[in-house]
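> Sequence first, predicted model second:
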Amino acid sequence: MQQAKTMTMAEAVSAFIRNGQSISIEGFTHLIPVAAAHEIIRQGISGLTVYRMTADIVVDQLVAAGCVQKLVSSFIGNSSVGSLHELRRRIEDADPVPLEYVEYSHGGMISRYLAGASGLPFYPIHSYAGSDIKTVNDEIRVVESPYDGSKIHVVPPIKPDVTIIHAQRADARGNTQIWGLTGIQQEAAYAAENVIVVVEEIVADEVIRSDPNRTLLPAHAVSAVVECPKGAHPSFVQGYYDRDGDFYRQWNSISKEPELLQRWLKEWVYDLEDHAAYVRKQGSDFWDGLESPNVPSLPVSYGSRKL
């Protein structure tokens, strides 16, 4: 029987993330590990290379806090409701300091994760044949097929020191279950040296075993499990709480003014002990407004063996 891998968020970040490392932060529209990013900020970790397909508010906050030296991404934006002004200041104007930015397409990032998870030196991708993205990214190369001599673009693997994902639930050993949009979390985890899984709840082994097909990440791939309810806010967690659209709209104004952004970080990250304090500060009425309706899936029978 494997031992429990449960830690607090502070313990997990302290144990596995160091200055100058590379980290992957994945989660597409929901299950974004915001609370984990806030703990990175709280601990003052810096010089990070961040891999994230959809660089959004969580990256804007990490950059504003001085945690990120290099960003590798395939999208920058505030989920169709505004801009990420800290990222724009750094990339467009080197204000207050430049941010190294490496751009890929979504397909390119997925291919890189697949290469990293599979232990491959590169991964082929067709779509760059008609794209000019390679003019701004010299990591995209062309190789010749050993079978028919045709030329194809390839991208290098992503091999982060640490991948952080958020999920609905896991057992104490790290068997992790996700439903709804699963994104690239599994590949990002298998590509990494260490994996921190943040979950809404830690459940008994029997719960995981009752629905094994929902286990996206088995225990052997997980380094630490952190129980952190509401840890993906302002994004949503399918079946637990809805997206906080108001905050996404507010972030456009917050991030536009550097002083206002720093005041927000002080009030909502630095001055709070942990994410539980963040949840308390929002108040129960706030969370009641984001409560997700109970819409369970139909039960599935896995059958049994007659003894």
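That came in fine, so what should we check first? Residues are numbered from 1 along each chain as shown.

> Check which residues of stretch 33-45 are buried.
If you call a residue buried by 16 or more other C-beta atoms under 10 Å, then stretch 33-45 has these buried ones: 33, 34, 35, 36, 37, 38, 39, 40, 41, 42, 45. Heads up, the C-betas are built off the backbone N, CA and C, glycines and all.

> List the contacts of the last one.
For residue 45, the residues meeting the contact criterion (C-beta atoms under 8 Å, 6 or more residues apart in numbering) are 13, 17, 18, 19, 67.

> Give me the buried subset of those residues.
13, 17, 67.

> Is it possible to get a markdown table of these that adds secondary structure, pLDDT and distance to residue 92?
Putting these into a markdown table (DSSP: H, G, I helix; E, B strand; the rest coil; pLDDT from 0 to 100; distance: C-beta to C-beta, whole Å) gives the following:
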| residue | secondary structure | pLDDT | distance to residue 92 |
| --- | --- | --- | --- |
| 13 | helix | 98 | 30 |
| 17 | coil | 98 | 28 |
| 67 | coil | 98 | 20 |
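
> From the recorded domain assignment, give the ranges for this protein.
9-103+159-289, 106-155 (automatic domain parsing).

> just these: most buried one?
When you average the neighbours per residue for each of these (mean count of other C-beta atoms under 10 Å), domain 9-103+159-289 leads with a mean of 19.

> next one: that domain to chain centre, how far?
How far domain 9-103+159-289 lies from its chain's middle: 5 Å, per C-alpha atoms, centre = their mean, to the nearest Å.

> First-to-last residue distance for it?
Terminal residues of domain 9-103+159-289 lie 26 Å apart, using C-alpha to C-alpha, to the nearest Å.

> Please apply the same query to stretch 77-88.
Distance across stretch 77-88, first residue to last, is 10 Å (C-alpha to C-alpha).

> what's the answer for stretch 147-160, then?
Separation of the first and last residues of stretch 147-160 by C-alpha to C-alpha is 32 Å.

> ok so, going back, export the domains of the chain to a markdown table and tack on distance to residue 299?
Rendered in a markdown table, the data for the domains of the chain read as follows (distance: least, C-beta to C-beta, whole Å):
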| stretch | distance to residue 299 |
| --- | --- |
| domain 9-103+159-289 | 9 |
| domain 106-155 | 32 |
